[in-house]
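J.: Here you go, sequence then predicted model.
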Amino acid sequence: METVAPENEIIEVIKENGGDSFKYCYQCGLCDAVCPWNRVRDFSMRKIIRQATFGLTEIDQEEMWRCTTCGTCVQRCPRGVNQIEAGVALRKLGAEYDVYPGNIAPIQNIIASLTSEGNSLGGDRDKRADWAKELSVKPYAEGMEILYFTGCYLSYDPRMREVAAATTAILNKAGVDFGILGSKESCCGESIRKTGNEDLFKRLAKDNIKAFIDQGVKKVLVSSPHCYHSFKNEYPEFMVNFEVVFISEYIAELVKTGRLKLTGEYPKTVTYHDPCYLGRHNGIYDAPRDLLQQIPGLTLNEMADSRESSLCCGGGGGHIWMETPKEDRFSDLRVRQAVAVGAEVLVTSCPYCITNFTDSCLGLDESEALEIKDLTEIIQALL
C-alpha cells in the first residue's frame, strides 16, 4: 500500500479560500446519497471532500466542477460541512491557473463576456434595455417606488424576454412606479462566483452597488433567484443593504393589498418547480403556490421531490454555461416527473430552470406535451 503525505500548502490554500469546514467531515457518505448526480451517474462529493482534507485535489479533473450548488447535501449534512463553500474553494484554485477542463471550457467565453460587456450571453452592454423598447418602461429615477433589476437572461435571451414583458405588464396593471437601469445594469455575479472567479464577482458587484447608490435605489425587484440570492446574502459583504424583493412575493403582496386583481380563468393542470436558489437557499416556497391556488380553474398537482426536496434543474454553480451530455441532465428527469402527475404546464420562477426544462421537453413524446412557463406568464394571462 502506498503512503500518501498530506499536501499541507494546498490544504492551507483551500482553507484560506473558504473551504475550512471540510475538516468536520467524518465520511458518512450522506452527501453522496442525496446528491442528484447519483440519479444519472456515479459521483462522490464525499471523495472530493476527502481529497481536499489531504490537499490532493486535481484541478484538471472535471469531477471538481460537477457540483451544481443545489444545496441538498448542505441541508442534510449531520456535521455542518458546507460542501458548496468547500467546492468553490477548490474551483478558486482552477480559476487562479485558468484551468477549465473538458465540458467546463465554455466558462472562458463567459468570463470574457462578463468582463467586457457585463453580461453572460455575449450581448452588447448598450443593448441591455432593448427588450423594453416597445413596452411602457422608464429609466429608473430617484424617488421611484422600486427598481426592476432585469438580469442577464431576461435582458438578452429571446425566450426570457417574454418573461420580462410579462413582468412589465403586471407592474403597469398594478400601477407600480418602477424603472430599469438599462446599460448601467451588470450581471449580479452570483454564478461566476460559484465557478471560483472571486475577482470578477467583486468587480460586477461593485459596479451594481455604485449604480444603485448613484441612482438613489432603495428597493430592488428581481426575477432571478440567483440575483435574489446574491443581492440578499452576498452583497452585504460590501457593507450595503438594499431591500430586495422576489417577483412572486411582490405579486402576492400586490394581490393582497388589492392593487392587482386576478380575473378570468386558467383551466389547466399545472405543477410548480422550486428553484434551488429560491427554495432551498432562501426558503421561499409558499408565495408562488398561494398565487397559483388563487387562480380560478387552475389545478395544482405537486411533483415528487418538491419544496425542500426539490430536484435541481442542473443549471446552478455555473453549469448553465457548461456542456452537459444529454444522459447527465437532471432536467430530463424533472420534466418526466411533471408529466407523471398529469401536468399540462410546468411553472417555475428561474431563467436557468426554464432554459433547461424547455430544452428537455424536446425529448418528450407528442402525447406528453408540456408547456414551460414562468409564474408571471400565468398571472399575465389573467389580467
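T.: Good, I have the coordinates.
J.: buried sites along stretch 349-364?
T.: By neighbour count on 16 or more other CB atoms under 10 Å, the buried set for stretch 349-364 is 349-361. Any C-beta I mention is one placed from the backbone N, CA and C, and that applies to glycine too.
J.: And those residues, which is closest to residue 342?
T.: Residue 342 lies nearest to residue 361 out of the buried residues of stretch 349-364, by CB to CB, at 15.7 Å.
J.: separation between that closest one and residue 379?
T.: Distance, residue 361 to residue 379, by CB to CB, to the nearest Å: 22 Å.
J.: which residues touch the residue nearest the centre of the chain?
T.: In the chain, the residue lying closest to the centroid (CA atoms, centre = their mean) is residue 226, at 3.8 Å. Taking CB atoms under 8 Å, 6 or more residues apart in numbering, we find residue 226 in contact with 151, 188, 190, 191, 277, 316, 350, 352.
J.: Am I right that it falls within a strand?
T.: No: assigned with DSSP: H, G, I helix; E, B strand; the rest coil, residue 226 falls outside any strand and is helix.
J.: Need the nearest residue in space to it, chain neighbours excluded.
T.: residue 190 (4.3 Å; CB to CB, 6 or more residues apart in numbering).
J.: Let me know how buried that neighbour is, in neighbour terms.
T.: When neighbours are counted by other CB atoms under 10 Å, residue 190 registers 26.
J.: For it, give me the pLDDT.
T.: Looking at residue 190, its pLDDT stands at 98.
J.: any idea how far it lies from residue 46?
T.: For residue 190, the distance to residue 46 - CB to CB - is 26 Å.
J.: Now do the same contact list for the closest residue to residue 232 other than its chain neighbours.
T.: In space, residue 232 comes closest to residue 244 once its chain neighbours are excluded; the distance is 4.8 Å by CB to CB, 6+ apart. The contact partners of residue 244, by CB under 8 Å, 6+ apart, come to 219, 220, 222, 228, 231, 232.
J.: Quick one: which of those residues is the most crowded by neighbours?
T.: residue 228 (30 neighbours).
J.: Surely that residue touches residue 277?
T.: Yes: counting by CB atoms under 8 Å, residue 228 touches residue 277, with 7.0 Å between them.
J.: Can you get me a residue count around the closest residue to residue 182 other than its chain neighbours?
T.: Excluding its sequence neighbours, the residue lying closest to residue 182 (CB to CB, 6+ apart) is residue 129, at 3.6 Å. Per other CB under 10 Å, the neighbour tally for residue 129 reads 18.
J.: first to last residue in stretch 264-284, what's the distance?
T.: End-to-end distance for stretch 264-284: 26 Å, by CA to CA, to the nearest Å.
J.: Mean confidence (pLDDT) on that stretch, please.
T.: 97.
J.: hang on, the earlier thing: taking the contacts of residue 244 one by one, which sit in helices?
T.: In this view, these that belong to helices under DSSP state H are residue 228.
J.: of the contacts of residue 244, closest to residue 98?
T.: Distance to residue 98, by CB to CB, is smallest for residue 231 among these, at 28.4 Å.
J.: how about the closest residue to that closest one other than its chain neighbours, secondary structure?
T.: Leaving aside its sequence neighbours, residue 231 sits nearest to residue 244 (CB to CB, 6+ apart; 4.4 Å). Of the three states, residue 244 takes strand under three-state DSSP.
J.: how about the strands in the chain?
T.: Assigned by DSSP state E, the chain shows strands spanning 138-139, 146-149, 178-180, 219-222, 243-246, 269-272, 299-300, 345-348, 371-374.
J.: May I have the strands that pair with the fifth one, each with its orientation?
T.: With DSSP bridges as the test, strand 243-246 is paired with strand 219-222 (parallel).
J.: ranges for the helices of the stretch 251-383 of the chain?
T.: 286-293, 330-340, 351-361, 375-380 (DSSP state H, counting those that start in this stretch).
J.: do the stretch 1-150 of the chain as well
T.: Ranges of helices within the stretch 1-150 of the chain are 8-14, 30-34, 45-53, 72-76, 83-96, 107-117, based on DSSP H, counting those that start in this stretch.
J.: before we move on, the earlier item: surely the residue nearest to residue 182 meets residue 180?
T.: Yes: taking CB under 8 Å as the definition, residue 129 is a contact partner of residue 180 at 6.2 Å.
J.: anything in contact with each of the two?
T.: Counting by CB under 8 Å, 6+ apart, the residues touching both residue 129 and residue 180 are residue 137.
J.: May I have the beta-bridge partners of residue 148?
T.: Beta-bridge partners for residue 148, by DSSP bridges, are residue 221.
J.: Report how many residues lie close to it.
T.: Using other CB under 10 Å, residue 148 has 26 other residues around it.
J.: Thought residue 179 was touching it, still the case?
T.: Yes: applying CB under 8 Å as the test, residue 148 and residue 179 come out as touching, 7.1 Å apart.
J.: Of the buried residues of stretch 349-364, which is the nearest to residue 160?
T.: Out of those, the member with the shortest distance to residue 160 (by CB to CB) is residue 351, at 4.9 Å.
J.: nearest spatial neighbour of that closest one, skipping sequence neighbours?
T.: In this structure, residue 351 finds its nearest non-sequential neighbour in residue 153, 3.6 Å apart by CB to CB, 6+ apart.
J.: Report how many residues lie close to that neighbour.
T.: The tally of other residues near residue 153 (other CB under 10 Å) stands at 26.
J.: what's the answer for the one 5 residues further on, then?
T.: For residue 158, the number of neighbouring residues by other CB under 10 Å comes to 7.
J.: who's in contact with residue 272?
T.: Residue 272 makes contacts with 288, 289, 292, 300, 302, 306, 347, 348, as judged by CB under 8 Å, 6+ apart.
J.: and of these, the nearest to residue 68?
T.: Lowest distance from residue 68 to the contacts of residue 272 (CB to CB) belongs to residue 348, with 15.5 Å.
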